[in-house]
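Chemist: I'd like to go over a predicted model; first the sequence, then the structure.
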Amino acid sequence: MRTSASSRSPRSSRRKLISVAAASAALLTAATTVAAAQEPAAQEPAAVPTAQTEAAPGTPAERLIVGYKSGATEARSNKAAEADAAAKGKEAGEDLDFRRRLGSGAALVDLGEKLTKADVADVVAEYEADPQVAYVVPDRLNKPLATPNDTEYGKQWDLTEATAGMRVPGAWDTATGSGVTVAVIDTGYVSHSDLAANVVAGYDFISDATVGNDGNGRDSNPADPGDWTAANECQSGAPASPSSWHGTHVAGTIAAVTGNSKGIAGIAYDAKVSPLRVLGKCGGYDSDIIDAITWASGGTVSGVPANGNVAKVINMSLGGGGSCTTATQSAINAAVNRGTTVVVAAGNSNANAANYSPAGCNNVISVAAADRQGNRSYYSNYGSVVDIAAPGGETDSAASNGILSTLNSGRQGPSTENYDFYQGTSMAAPHIAGLAALMKSANASLTPAQIESAIKTNSRTLPGTCSGGCGAGLADAAKTVQAVSGNGGSTGGTTFTSTSGVSIPDNGAAVESPITVTGRSGNAPSALKVGVDITHTYRGDLVVDLIAPDGTSYRLKAASSSDSADNVNTTYSVNASGESANGTWKLRVQDTAAQDTGRINSWKLTF
């Protein structure tokens, strides 16, 4: 039975651009500091505007800004401030150093480079206990917060608006999607200059030439020739419809090129998109979709060359009526076991998503659509199988309440590239796929289960209403990415990452991926964190070692009969305190049994 594209956006949502929505980029509050850039000295602290830059979250302070009350000797005398720093350092068991007097009158105190957060807290407590001290705040490291210069960015309410937007700009200082490939299983890709630089090789999985509409069956060219239909072509009574260029619209939301002074901004704008064609005239078959899921995640499909761009995230903005079949569920399970997160649209029938596939499958992130006011969009499916809501838009009064993305003006075959507003759960799903790519970029060791859990845990209450159930709430990109980032929370540290993929041969010699560490002092820590992201059909076959700069080998994983999803893709802790931190470290991987190949996608060291 042919699967219709019922989760695709209603064609009636296509409109001309008729208004400009004001964009408001929210700043991400630093995790460990007071929100003030400068404090007035020699008096009680006054309220000041939030800095237009942000501190590196989770990093222990190396310097403090100390404001003394107006009557304190330390407020006027550098020698007194220096003596006070020395005395408080002695009390806290640290060596403090007065650096200079700021123009505001406050004192800058150096804490040194190796204090832990607990050490800093002890020093701060000493100052706070002094009745002559008006305030003490960290001297935060600030960074510029770039606003995309893309000409249509102001119309992307779905990324920026505080009410029902996904708060994406607040995530970009932490991650931009670098090193992550997202497979868009859809209608394929029509050339667009605002997306082309982020498109990598995909595949045309449509086996039926009539459905494919390109004169042939499966091949390596995922170009979208158009999916227009004549009246009654798909079923009796169905009207004629123009080509949707649906896959290109979805892909633009995920990874449109950003900062290029044109068009829109992509959510994970440094990620890559691999377009996989499964939908053509009147829809697409389950069998083709199953093969695309398998191949995208690194599995083997007979007659199709091995995938050189294994995806860590799959987006499927498609679906049809009926519950999830065993065949589709098996393909999804296998993809997730390979470490690929599967994101699907809940469907556009204003019905229980459990009665649609793949929305009702297990092991997926099923996404409902929210409108610009934060209500469940009138068309969106709902129910207990829905995991999260994301902007999908609707066009009751203005086209600009839809989701703007890359498109083409051709009503049948390709014509001129353009941008247009669509609405649908098809538009909501790529928001979550883009968020998953940001998360994977921030922390390569995250498993699909961890990605789903973090998106739900860090969501916020849907601002409007949702009858029937919209999952955990409205996704919040800034909060979610910060929560999973190796540079956020309480972990701290400096991270060195390799995203250069290395193929793992079947039952062959070990392969290595290097990372060169510079700028560190002394030896590596006793708990060196090694984050690993590997795709391999049977992970129990793998032996994984960390090789120190002097050649010493540290076994991370031995070969075993286990094939659990987190067997390889996790963060290991190594006592490397006997090793010099600087130098070239290597991740060495060997497949010890026959019948499958794999790939080192990325790995990182956090000191």
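Modeler: Done, it's in.
Chemist: So residue 601 belongs to a strand, correct?
Modeler: Yes: looking at residue 601 with DSSP: H, G, I helix; E, B strand; the rest coil, it is inside a strand.
Chemist: what residue is smack in the middle of this structure?
Modeler: Centroid-nearest residue in the chain, with CA atoms, centre = their mean: residue 438, separated by 1.6 Å.
Chemist: neighbours of residue 529, just the number please.
Modeler: Neighbours of residue 529 under the rule other CB atoms under 10 Å: 18. No exception for glycine: its C-beta is placed from N, CA and C like everyone else's.
Chemist: tell me which residues of stretch 370-387 are tucked away?
Modeler: Counting neighbours by 16 or more other CB atoms under 10 Å, one finds that the buried residues in stretch 370-387 are 370-372, 374-377, 379-383, 385-387.
Chemist: I'd like to know which of those residues is nearest to residue 151.
Modeler: Distance to residue 151 across the buried residues of stretch 370-387 (CB to CB) is lowest for residue 372, with 20.9 Å.
Chemist: what's near enough to touch that closest one?
Modeler: Contacts were defined as CB atoms under 8 Å, 6 or more residues apart in numbering; by that measure residue 372 touches 157, 161, 163-164, 391, 393-394, 401.
Chemist: ok, now with 6 Å
Modeler: 157, 164, 401 (CB atoms under 6 Å, 6 or more residues apart in numbering).
Chemist: From residue 423, how far off is the nearest residue to the last one once chain neighbours are set aside?
Modeler: The reference is to residue 401. Excluding its sequence neighbours, the residue lying closest to residue 401 (CB to CB, 6 or more residues apart in numbering) is residue 372, at 4.8 Å. Note on residue 372: its distance to residue 423, by CB to CB, to the nearest Å, is 10 Å.
Chemist: Which residue, other than its chain neighbours, is closest to residue 128?
Modeler: According to CB to CB, 6+ apart, the nearest residue to residue 128 is residue 136 (6.2 Å).
Chemist: I'd guessed that neighbour sits against residue 66; true?
Modeler: Yes: using CB atoms under 6 Å, residue 136 is in contact with residue 66, at 5.0 Å.
Chemist: which neighbours do the two share?
Modeler: With CB under 6 Å, 6+ apart, residue 136 and residue 66 have common neighbours residue 127.
Chemist: Comparing the two, which residue is more hemmed in?
Modeler: Ranked by neighbour count (other CB under 10 Å), residue 136 and residue 66 place residue 66 first, with 27 against 24.
Chemist: need the contact list for that one.
Modeler: Residue 66 neighbours (CB under 6 Å, 6+ apart): 107, 109, 127, 136.
Chemist: Where do the helices of the stretch 351-500 of the chain begin and end?
Modeler: In the stretch 351-500 of the chain, the helices defined using DSSP state H, counting those that start in this stretch lie at 425-442, 448-457, 477-484.
Chemist: so which of those comes closest to residue 549?
Modeler: helix 425-442 (26.2 Å).
Chemist: now the angle from the closest one to helix 448-457?
Modeler: Between helix 425-442 and helix 448-457, the angle comes out at 110 degrees (axes from the mean of the first three to the mean of the last three CA atoms, to 10 degrees).
Chemist: Give me the domain ranges for this structure.
Modeler: 54-143, 154-484, 495-606 (automatic domain parsing).
Chemist: which one of the ones you listed has the most crowded surroundings?
Modeler: domain 154-484 (a mean of 23; mean count of other CB atoms under 10 Å).
Chemist: end-to-end on it?
Modeler: 28 Å (CA to CA, to the nearest Å).
Chemist: oh, and call the first residue 602 from now on, that's how I've got it
Modeler: Yes, from this point I'll number from 602; that puts the last item at domain 755-1085.
Chemist: pLDDT of that domain, averaged?
Modeler: The pLDDT scores in domain 755-1085 average 94.
Chemist: Stretch 709-728 too?
Modeler: 83.
Chemist: hey, C-alpha coordinates of it in CSV?
Modeler: Only the C-alpha atoms of stretch 709-728 are listed here, as CSV (Å, rounded to 0.1, in the frame of the first residue of the first chain):
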residue,chain,number,x,y,z
LEU,A,709,40.3,43.8,40.4
VAL,A,710,41.6,40.8,42.3
ASP,A,711,43.4,37.9,40.6
LEU,A,712,42.6,34.4,41.9
GLY,A,713,45.1,32.4,39.8
GLU,A,714,44.4,29.8,37.2
LYS,A,715,43.9,26.6,39.0
LEU,A,716,41.1,27.3,41.5
THR,A,717,38.1,25.0,41.6
LYS,A,718,34.6,26.4,41.9
ALA,A,719,34.6,25.5,45.6
ASP,A,720,37.9,27.5,46.0
VAL,A,721,36.3,30.5,44.3
ALA,A,722,33.2,30.1,46.5
ASP,A,723,35.4,30.2,49.6
VAL,A,724,37.1,33.5,48.5
VAL,A,725,33.8,35.1,47.6
ALA,A,726,32.4,34.1,51.0
GLU,A,727,35.3,35.9,52.7
TYR,A,728,34.5,39.1,50.8
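Chemist: So residue 982 sits against residue 946, correct?
Modeler: No: with contact defined as CB under 6 Å, residue 982 does not reach residue 946; the gap is 8.4 Å.
Chemist: can you tell me which two in the buried residues of stretch 971-988 are farthest apart?
Modeler: Of all pairs drawn from those, the greatest distance, 24.9 Å, lies between 973 and 986 (CB to CB).
Chemist: how near is residue 955 to residue 983?
Modeler: Counting by CB to CB, the gap from residue 955 to residue 983 is 10 Å.
Chemist: can you give me the helices for the stretch 802-951 of the chain?
Modeler: 810-813, 847-856, 887-897, 927-938.
Chemist: Could I get those helices in JSON lines, plus columns for distance to residue 794?
Modeler: Shown next, in JSON lines, are the helices of the stretch 802-951 of the chain (distance: least, CB to CB, whole Å):
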{"stretch": "helix 810-813", "distance to residue 794": "25"}
{"stretch": "helix 847-856", "distance to residue 794": "11"}
{"stretch": "helix 887-897", "distance to residue 794": "25"}
{"stretch": "helix 927-938", "distance to residue 794": "31"}
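Chemist: Which one of those helices lies nearest to residue 704?
Modeler: The nearest among these, by CB to CB, is helix 847-856 at 44.2 Å.
Chemist: Would you mind measuring the gap between the ends of stretch 820-835?
Modeler: Terminal residues of stretch 820-835 lie 24 Å apart, using CA to CA.
Chemist: I meant stretch 1001-1013, not that one.
Modeler: Note: stretch 1001-1013 ends 24 Å apart using CA to CA.
Chemist: again with stretch 696-705
Modeler: Rule used - CA to CA; the end-to-end distance of stretch 696-705 is 25 Å.
Chemist: With only the CA atoms kept, save stretch 898-918 in PDB.
Modeler: C-alpha atoms of stretch 898-918 as PDB (Å, rounded to 0.1, in the frame of the first residue of the first chain):
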ATOM      1  CA  SER A 898      21.900   5.500   9.900                       C
ATOM      2  CA  GLY A 899      24.800   3.400   8.500                       C
ATOM      3  CA  GLY A 900      23.100   0.100   7.700                       C
ATOM      4  CA  THR A 901      23.400  -1.900   4.600                       C
ATOM      5  CA  VAL A 902      20.900  -1.800   1.700                       C
ATOM      6  CA  SER A 903      21.300  -4.400  -1.100                       C
ATOM      7  CA  GLY A 904      22.200  -2.700  -4.400                       C
ATOM      8  CA  VAL A 905      23.000   0.700  -2.700                       C
ATOM      9  CA  PRO A 906      26.600   1.800  -2.200                       C
ATOM     10  CA  ALA A 907      27.700   2.300   1.400                       C
ATOM     11  CA  ASN A 908      26.800   5.600   2.900                       C
ATOM     12  CA  GLY A 909      29.700   8.000   3.300                       C
ATOM     13  CA  ASN A 910      27.600  10.600   5.200                       C
ATOM     14  CA  VAL A 911      26.100   8.600   8.000                       C
ATOM     15  CA  ALA A 912      23.500  10.700   9.800                       C
ATOM     16  CA  LYS A 913      23.300  11.200  13.500                       C
ATOM     17  CA  VAL A 914      19.800  12.700  13.100                       C
ATOM     18  CA  ILE A 915      17.000  11.600  10.700                       C
ATOM     19  CA  ASN A 916      14.000  13.900   9.900                       C
ATOM     20  CA  MET A 917      10.800  12.400   8.500                       C
ATOM     21  CA  SER A 918       8.100  15.000   7.800                       C
END
